[in-house]
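In: The sequence and its predicted three-dimensional model are supplied below.
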Amino acid sequence: MQSNLFYGSVLSYFLCSQLFAQSFDAAPPLAGERGAERLGRIDCEGPLAQREVREAKPKAELAAPADGDQQEAIESAIRKSIPLLEKGAAGHRDQRTCFTCHGQTLPVLALVAANQRGFTIDKDNLQSQVKRAADHMKRGRKNYLIGRGQGGGHTTAGYALWTMEVGGAKPDEVTTAVGAYLVWDKKADHWRSSSNRPPSEGSHFTATYLAVRALDVFGAKEQADLIASRKKKSLDWLLRTKAKDTEDRVFRLLALHRLDADSDTIRAAAKQLIESQRDDGGWAQIADLKSDAYATGSALFSLHEAEQIEVGDPVYRRGLRFLLQDQRDDGSWFVKSRSKPFQKHFESGFPHGKDQFISITGSGWATLALSLAAPEREPAKGGE
């Protein structure tokens, strides 16, 4: 990945901070290759760097403005959310040594997107979250090289590399080791979630998208044949496997788009996701639950990232209205946990008590979806 940042083991923390600040001043894209069409071009050094990228659409078309009142509400909601995302991510960093998708990835994705729209963020805090992902991967390097990986399996590895990607990290010996782990099982036709902790750690579609994305960005040249084989098998699996809930539908669509499925297949997958939108404008994780920020924000991101709807589309606007109405006065979104706790509870600084981890993830998705609908501005350096 061509970028201004390299979180290598030989770099000092000071040097990392300088490079990282330069990277974000240059507004790194939120997504590699395909997503770069929407959020800034980014080039790859991996084996798939020569993939054909569609011509970028004009910026005005990508961010059709909302009416004045809604646009003001969108920007206000983002401003209210940013401090809580930063506080929750920092609290997790300070109290735990491990990397998590809820504590790092979703806050980072949301904060980078907001910064690209001109919102002020704490870049030192952001740098520390990306460094946490890199350090976590580095500690597990030996296990990745023998196909064992770390806790959370393919899902954790994929989310960690996505965090590093948006931070501008370049391929190195650690990302190469993780790539080797992701293609270790040569017979597998998709990537699996190693646990059943819905929604974010319960779907094989999620694990598959994250793995494919990671290999696109960080896959080594010597892994190119294995990567191509695994991707072909994964596309076949996606074509014959039905999604069961919103998490499945979100990541099945993202994976189909990432793997260059034919346009009819991608449109059909998008149609399934759109048809599950509720009358209130939101999406629910499963049929028996109410709409929430996690399902709604991820659905909007998926539809936009897969180039199926623009932010001015009525489907997207209804989703935005739900998110604006569902946001709490403190700037957070509440999402009730569906997973049984297996670690000792601690307070990260994000609200909602024992539901705080899924709530910060949902708040990250919501802020990301809202940020995509905000006007593009120069990234904030000091004040807004």
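Out: Yep, it's here.

In: Please pull out the lowest mean pLDDT helix or strand from this structure.
Out: helix 59-62 (a mean of 32; mean pLDDT, DSSP states H and E).

In: After it, which helix or strand is next?
Out: helix 68-95 (DSSP states H and E).

In: Pull out the buried positions in that following helix.
Out: Going by neighbour count (16 or more other Cβ atoms under 10 Å), the buried part of helix 68-95 is 73-75, 77-78, 80-82, 84-93. Where C-beta positions appear, they are placed from N, C-alpha and C, glycine not excepted.

In: swap in stretch 347-366?
Out: Those would be 348-352, 355-366, for stretch 347-366 by 16+ other Cβ under 10 Å.

In: now stretch 324-341
Out: For stretch 324-341, by 16+ other Cβ under 10 Å, it's 324, 326, 327, 328, 331, 332, 333, 334, 335, 337.

In: again with stretch 213-223
Out: Neighbour count says stretch 213-223 has 213, 214, 215, 216, 217, 218, 219, 220, 223 buried, by 16+ other Cβ under 10 Å.

In: now swap in stretch 298-314 and tell me
Out: Buried, per 16+ other Cβ under 10 Å, within stretch 298-314: 298-311, 313.

In: Out of those, give me the two with the largest separation.
Out: Comparing all pairs in the buried residues of stretch 298-314 by Cβ to Cβ, the longest separation belongs to 298 and 310, at 17.6 Å.

In: In JSON lines: the buried residues of stretch 213-223, plus secondary structure, distance to residue 157 and pLDDT.
Out: Below are the buried residues of stretch 213-223 laid out as JSON lines (DSSP: H, G, I helix; E, B strand; the rest coil; distance: Cβ to Cβ, whole Å; pLDDT from 0 to 100):
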{"residue": "213", "secondary structure": "helix", "distance to residue 157": "11", "pLDDT": "98"}
{"residue": "214", "secondary structure": "helix", "distance to residue 157": "7", "pLDDT": "97"}
{"residue": "215", "secondary structure": "helix", "distance to residue 157": "11", "pLDDT": "98"}
{"residue": "216", "secondary structure": "helix", "distance to residue 157": "14", "pLDDT": "97"}
{"residue": "217", "secondary structure": "helix", "distance to residue 157": "13", "pLDDT": "97"}
{"residue": "218", "secondary structure": "helix", "distance to residue 157": "10", "pLDDT": "97"}
{"residue": "219", "secondary structure": "coil", "distance to residue 157": "13", "pLDDT": "95"}
{"residue": "220", "secondary structure": "coil", "distance to residue 157": "15", "pLDDT": "94"}
{"residue": "223", "secondary structure": "helix", "distance to residue 157": "14", "pLDDT": "92"}
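
In: Pretty sure residue 213 is one of the things residue 158 touches, is it not?
Out: Yes. With contact defined as Cβ atoms under 8 Å, residue 158 reaches residue 213; the gap is 6.8 Å.
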